[in-house]
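A.B. asks: Here is my input; please provide its structure:
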Amino acid sequence: MKKIFLTAFLILASLQLSSQDLLDILELEAPVTENIVSATFKGTRIVNGHSIENRKNAELEFIISHRFGRVNTGFEELFGLDQANIRFALEYGLTDDLTAGLGRSSFEKTYDGYLKYRLLKQKTGANAFPFAVSLFGSIAAKSQKAIAGNERTFAESLFYVGQVLIAKKVNSSLSIQVTPTYVHRNLATIAADPHDIFALGFGTRVKLSKRVSLNAEYYQQFQKLTSINARNSLAFGVDIETGGHVFQIILSNAITMVEKSFITETTGNFFGGDIHLGFNLSRTF
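C.D. replies: Below you'll find the model as predicted:
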């Protein structure tokens, strides 16, 4: 009888060890799953500035941006509706992580182009990473004719912007972004104006419903142009998603929509009534 019990014990122990070895092997061979966080923002813009979002590979987006004049100009100017600044742009996904864009603004007849590259992705699960990082670079050229006596070369009409977009989707309803920014202008209006300006952008998105969100954006400059009494850019927007469209209704103290302009050349006092009503409308193909 002892021999039977001993034999049964040895068989069970052997089966247990074999089962544990098999589980260890399966765990090693099982694929490591990681979840990439998506839809941190609704579109490629928070309000005026870029968000962490990119166009997908081979995806083309057409954007119309419009800003009216200042609301406090009164009824004579129909509270700014008689004035307007407009920008048309095309953005294309070269890959899922690299987007290129071209645009033209009526303000100073400016042409601009940019590249945005997704460097790091926010992830959950295995190999989790707490935030996303993208790199942004743009060149803008002012084509408006110079006043006689103040002619400039093509090189003197160029502006450069570099940004690091650092964003986190805190939960399904809240996203935040911090944007260290560098702006360089080849030609300064007066000697007191800096050629290089550093700024720090802050942006957030609060989801109100499945298709509607409230956005806010602020850029703090660490050097400012003195020739135009420059102020920091502040903007609020409501994003409304309708199928292939994202429609943004905007209130901002900036009338311009190119980085070098709204970050460093804004002159309006938002809390003094220098508010521009505007919108961004995008269509994806």
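A.B. asks: For this protein, which segments count as strands?
C.D. replies: According to DSSP state E, the chain carries its strands in the segments 34-36, 60-70, 84-93, 98-105, 110-120, 123-125, 132-142, 158-171, 174-185, 196-207, 212-221, 233-242, 245-252, 276-284.
A.B. asks: just checking, what packs against the first one?
C.D. replies: Looking back up the chat, that one is strand 34-36. For strand 34-36, the packing partners by 3 or more C-beta pairs under 8 Å, 6 or more residues apart in numbering; DSSP states H and E come out as strand 123-125. Placement of C-beta: from N, CA and C, glycine included.
A.B. asks: tell me the average confidence for the strand it packs on?
C.D. replies: Here strand 123-125 scores 88 as its mean pLDDT.
A.B. asks: And Asp193, how close does it get to Asn232?
C.D. replies: Noted for Asp193: a distance of 17 Å to Asn232, by C-beta to C-beta, to the nearest Å.
A.B. asks: before we move on, back to that, with mean neighbour count and distance to Ile46 added, can I get the strands of the chain in TSV?
C.D. replies: Listed next are the strands of the chain as TSV, based on neighbours: other C-beta atoms under 10 Å; distance: least, C-beta to C-beta, whole Å:
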stretch	mean neighbour count	distance to Ile46
strand 34-36	12	20
strand 60-70	19	13
strand 84-93	17	15
strand 98-105	18	15
strand 110-120	18	13
strand 123-125	13	22
strand 132-142	19	12
strand 158-171	18	9
strand 174-185	19	6
strand 196-207	18	4
strand 212-221	19	5
strand 233-242	19	8
strand 245-252	19	9
strand 276-284	19	10
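A.B. asks: ok, the residue nearest to Gly101 when sequence neighbours are not counted - contacts?
C.D. replies: Excluding its sequence neighbours, the residue lying closest to Gly101 (C-beta to C-beta, 6 or more residues apart in numbering) is Glu91, at 4.1 Å. Contact partners of Glu91, counting by C-beta atoms under 8 Å, 6 or more residues apart in numbering, are 44, 55, 60-61, 63, 99-101.
A.B. asks: Return the member of those residues nearest to Ile86.
C.D. replies: Ile63 (11.0 Å; C-beta to C-beta).
A.B. asks: my guess is the closest one contacts Leu281, does it?
C.D. replies: Yes. Between Ile63 and Leu281 a contact is recorded at 7.1 Å, counting by C-beta atoms under 8 Å.
A.B. asks: can you pull the alpha-carbon coordinates of stretch 43-57 into CSV?
C.D. replies: Output of stretch 43-57 as CSV, limited to C-alpha atoms (Å, rounded to 0.1, in the frame of the first residue of the first chain):
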residue,chain,number,x,y,z
GLY,A,43,-8.1,67.7,-34.6
THR,A,44,-4.6,68.9,-35.5
ARG,A,45,-5.2,72.2,-33.8
ILE,A,46,-6.0,72.9,-30.2
VAL,A,47,-7.3,76.4,-31.1
ASN,A,48,-4.7,78.5,-33.0
GLY,A,49,-1.7,76.2,-32.3
HIS,A,50,-1.0,72.7,-33.3
SER,A,51,-2.1,69.7,-31.2
ILE,A,52,-0.2,66.4,-30.9
GLU,A,53,-2.5,64.9,-33.5
ASN,A,54,-1.3,63.9,-37.0
ARG,A,55,-3.0,63.0,-40.2
LYS,A,56,-2.9,59.3,-40.9
ASN,A,57,-0.9,57.8,-43.8
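A.B. asks: Let me see the mean pLDDT of it.
C.D. replies: Mean per-residue pLDDT for stretch 43-57: 93.
A.B. asks: Can you give me the buried ones in it?
C.D. replies: 43-55 (16 or more other C-beta atoms under 10 Å).
A.B. asks: Return the subset of these lying in helices.
C.D. replies: Applying DSSP state H to these, no entry is found in helices.
A.B. asks: Of those, which is the nearest to Tyr117?
C.D. replies: Asn54 (8.3 Å).
A.B. asks: Contacts only, for the closest one.
C.D. replies: If you count contacts by C-beta under 8 Å, 6+ apart, Asn54 has them with 44, 93, 96-99, 116, 118, 134.
A.B. asks: just Thr124 next, same as before
C.D. replies: Thr124 touches 34-35, 37, counting by C-beta under 8 Å, 6+ apart.
A.B. asks: and with 6 Å instead?
C.D. replies: By C-beta atoms under 6 Å, 6 or more residues apart in numbering, the contact set of Thr124 is Asn35.
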